[in-house]
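S.K.: Generate coordinates for the sequence data below:
(one chain, ligands or ions: 1)
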Amino acid sequence: MDHFLYRDGILHAEDVPLPEIAAAVGTPFYVYSTATLTRHYRLFQEALDGLDHLICYAMKANSNQAVLRLMASLGAGVDVVSGGEYRRAVAAGFPADRIVFSGVGKTAEEMELALRGGIRQFNLESEPEMRRLSKVSESLGKIAPVTIRINPDVDARTHEKIATGKSENKFGIPISRAREVYAEAASLPGLEVIGIDVHIGSQLTDLEPYEQAYLKVAELTHQLRADGHDIRRLDLGGGLGILYERSNAAPPLPLDYGEVVRRTVGDLGCEIEIEPGRLIAGNSGLLVSEIIYMKQGEGRTFAIVDAAMNDLIRPAMYGAHHDIVPVVEPEAGAELSPCDVVGPVCETGDTFTRNRPLPPLAEGDLIAFRSAGAYGAVMASEYNSRPLVPEVLVHGHQFAVIRARPTFDEMINRDTIPEWLEGPV
Ligand code: LLP
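M.R.: Residues are numbered from 1 along each chain as shown. Reported below is the predicted structural model:
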């Protein structure tokens, strides 16, 4: 459920009609709902109720400072994967002991930043990384709390570009070698081994792979404890999928996922951490765009809109589906006809959908791409020198621009011309 509904024939974000935001900030823009973000976070809280747990929002899904501040104020922890994300977390007010550092290629500088600023734990992904962190923390006179990400070799049954738990993927250490890697980690002076980490992929619409992976984690917990490690925290990753296509069957709910967690690892006496990103932010946001032209091609109709692949890259990158709805509600019984919705970028890949049955559309109409709150704005670029799209947060009747559209001068003046190019070369 989200808070983007038609009222009196106009699509609203909570209590704000979208045309009002369009008039204020121009199109295209991203809009997020505070109520939906909050609701989704709370669904996970309820799902893990009674378990000692922390929900560490994976900010890679949507790292706007206002969204982060909301999450921090709800009591969430946060999962970061770069020095930039670490700095965002601190700036948004997450306490250091609620910041988890994941990622397959942390640099010594990033390690030092987090050790100095404070960190809940590092999730380590390889032996060289373990050794480097131990050196960095020793040199600072600190001991780094760590889990090690194991690769359980399960098929997450999702898009190949976002599956991470198969042995051929770059992530984690093979579970078959976990005991020797943990033995080495325990021997390194700058580390304190506190738990196990696993993350098998994103947009999972089936709970079975979780079940398989978490059972392996449970078994490994027993083995590592028998080897003398004090395993007291399990980071179970993120990845729960959302409904992108409303005509499809709904994926499992956080509550169902919580049952899997309880069943597989709930009685190990460990603190449970999860790292959801998409489920919290995805259906909490829309990308709103205006139709520039309706163009009749050979046997096809194109709606050319002012948003493009640089603003929302998921369709071009993963062939992802986003529901597209007109902001003015179509009349009941309006006839649907096939339409390609495309952006102005000079690539055929700049296509949001092909031959999608859509209600009548006209030049100047506003349309909304649903499910755009996660991996939307954060993956945007300025390709074709299109300034980044602004972001707006709605709360009841209020809305605020939480990232303004850069001016063209700001965009251009980030580049500098070296002196030796000022005159003839
Ligand atoms: N934890 C780790 C270690 C991750 O790598 C990820 C996502 C998450 C948590 C959060 O997963 P989520 O709950 O959001 O599924 N750009 C792609 C998704 C990439 C996901 C990368 N890792 C997309 O647009 O579908």
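
S.K.: can we go C-alpha only for contacts and neighbour counts from here?
M.R.: Will do.

S.K.: What pairs with the helix or strand hosting Y6, parallel or antiparallel?
M.R.: With elements taken from DSSP states H and E, the one containing Y6 is strand 4-7. Here strand 4-7 is paired, per DSSP bridges, with strand 10-13 (antiparallel).

S.K.: Buried residues, the strand holding Y6. List them.
M.R.: Across strand 4-7, burial judged by 16 or more other C-alpha atoms under 10 Å covers 4-5.

S.K.: Now do it: distance to the chain's middle.
M.R.: Strand 4-7 has its C-alpha centroid displaced from the chain centroid by 25 Å (C-alpha atoms, centre = their mean, to the nearest Å).

S.K.: Pull up the residues of the stretch 101-250 of the chain that are close to the ligand.
M.R.: Within the stretch 101-250 of the chain, the positions lying close to the ligand (C-alpha under 6 Å from any ligand atom) are 102, 162, 199, 202-203, 237-240.

S.K.: can you redo the residues you listed as TSV with pLDDT and neighbour count?
M.R.: Output for those, formatted as TSV (pLDDT from 0 to 100; neighbours: other C-alpha atoms under 10 Å):
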residue	pLDDT	neighbour count
S102	98	22
I162	81	17
H199	97	25
S202	96	25
Q203	97	22
G237	98	24
G238	98	25
G239	97	25
L240	98	24
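
S.K.: where exactly do the helices run in this protein?
M.R.: Assigned by DSSP state H, the helices in the chain fall at 18-25, 34-47, 65-74, 83-92, 108-117, 127-139, 178-187, 208-226, 254-265, 278-281, 314-318, 408-412.

S.K.: Out of the residues of the stretch 101-250 of the chain next to the ligand, name the two that are farthest from one another.
M.R.: Checked with C-alpha to C-alpha, these reach their widest spread between S102 and Q203, with 18.4 Å between them.

S.K.: which strand is the longest one in this structure?
M.R.: The residue-count maximum for a strand in the chain (DSSP state E) belongs to strand 285-297.

S.K.: buried stuff in that one?
M.R.: Residues of strand 285-297 classed as buried by neighbour count (16+ other C-alpha under 10 Å): 285-294.

S.K.: Nearest residue to A144 in space, please, no chain neighbours.
M.R.: Distances taken as C-alpha to C-alpha, 6 or more residues apart in numbering place L191 nearest to A144, at 4.8 Å, with adjacent residues excluded.

S.K.: bridging residues for E192?
M.R.: What pairs with E192, by the bridge criterion (DSSP bridges), is P145.

S.K.: which residues are contacting the helix or strand of the chain with the lowest mean pLDDT?
M.R.: One helix or strand of the chain scores below all others by mean pLDDT, DSSP states H and E: strand 173-174, with a mean of 95. Strand 173-174 has contacts (C-alpha atoms under 8 Å, 6 or more residues apart in numbering) with 125-126, 148-153, 167.

S.K.: do that again at 6 Å, thanks
M.R.: With contact meaning C-alpha atoms under 6 Å, 6 or more residues apart in numbering, strand 173-174 is reached by 150-151.

S.K.: Adjacent strands (with direction) for it?
M.R.: Strand pairing for strand 173-174, using DSSP bridges, gives strand 144-151 (parallel).

S.K.: And the residue nearest the centre of the chain?
M.R.: A61 (1.8 Å; C-alpha atoms, centre = their mean).

S.K.: separation between that one and T407?
M.R.: A61 sits 25 Å away from T407, going by C-alpha to C-alpha, to the nearest Å.

S.K.: quick check: domain ranges of the chain?
M.R.: With domains defined by automatic domain parsing, the chain comprises 4-31+283-412, 34-281.

S.K.: Any idea how many residues pack against the nearest residue to D155 once chain neighbours are set aside?
M.R.: Sequence neighbours aside, K166 is the residue nearest to D155 in space, at 6.0 Å (criterion: C-alpha to C-alpha, 6+ apart). Residue neighbour count, defined by other C-alpha atoms under 10 Å, stands at 18 for K166.

S.K.: How about C339?
M.R.: Neighbour count of C339, defined by other C-alpha under 10 Å: 22.

S.K.: And D97, by the same measure?
M.R.: By the criterion of other C-alpha under 10 Å, D97 has 13 neighbours.
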